[in-house]
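A.B. asks: What follows is a protein structure lacking sequence information:
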């Protein structure tokens, strides 16, 4: 019994460490996005999470995630589907366009939207010019 309990505890801890760890930096100026100091930082985030800090943000950087984790950025609070202005897979950084960013969604690895047919940047009807992609490579 003791071996089984120890195994289960170790397995649970290993599972938790694989679904946690995403990081998001928010920037309050376009110029500082991804190269300057972030204005707000979130660490050790789980997946299927909406990060919704108070206020308007002019850039967001998501890192410490796998290449098949979907990230979407939104120009409204609470990561509503209608407010999505950009979508990427893996670590990414984006600068807001005409409207500020308000929230960021991080999906679990391998999850795709039901209507998705590609992994390219997908801009929503909300504001087609709202987000500028910044390559991290």
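C.D. replies: On my side now, so go ahead. Every value quoted in this text rests on a predicted model; they were computed, and no experiment measured them.
A.B. asks: What is the neighbour count of the closest residue in space to residue 70 that isn't next to it in sequence?
C.D. replies: Once flanking residues are discounted, residue 70 sits nearest to residue 107: 4.1 Å by CB to CB, 6 or more residues apart in numbering. Heads up, the C-betas are built off the backbone N, CA and C, glycines and all. Counted with other CB atoms under 10 Å, the neighbours of residue 107 add up to 19.
A.B. asks: And residue 107, what's its pLDDT?
C.D. replies: At residue 107, the pLDDT value in this model is 97.
A.B. asks: Distance of it relative to residue 87?
C.D. replies: 10 Å (CB to CB, to the nearest Å).
A.B. asks: Identify the contacts common to these two.
C.D. replies: Taking CB atoms under 8 Å, 6 or more residues apart in numbering as the contact rule, residue 107 and residue 87 both touch 70, 71, 72.
A.B. asks: nearest to residue 26, of the residues you listed?
C.D. replies: residue 71 (13.4 Å; CB to CB).
A.B. asks: Show me the strands in the chain, by range?
C.D. replies: Remark: strands assigned in the chain by DSSP state E are 20-27, 40-46, 49-51, 59-63, 70-74, 84-89, 92-96, 103-106, 131-134.
A.B. asks: List the buried residues in the second one.
C.D. replies: For strand 40-46, the buried set under the neighbour-count rule, 16 or more other CB atoms under 10 Å, comprises 42, 45.
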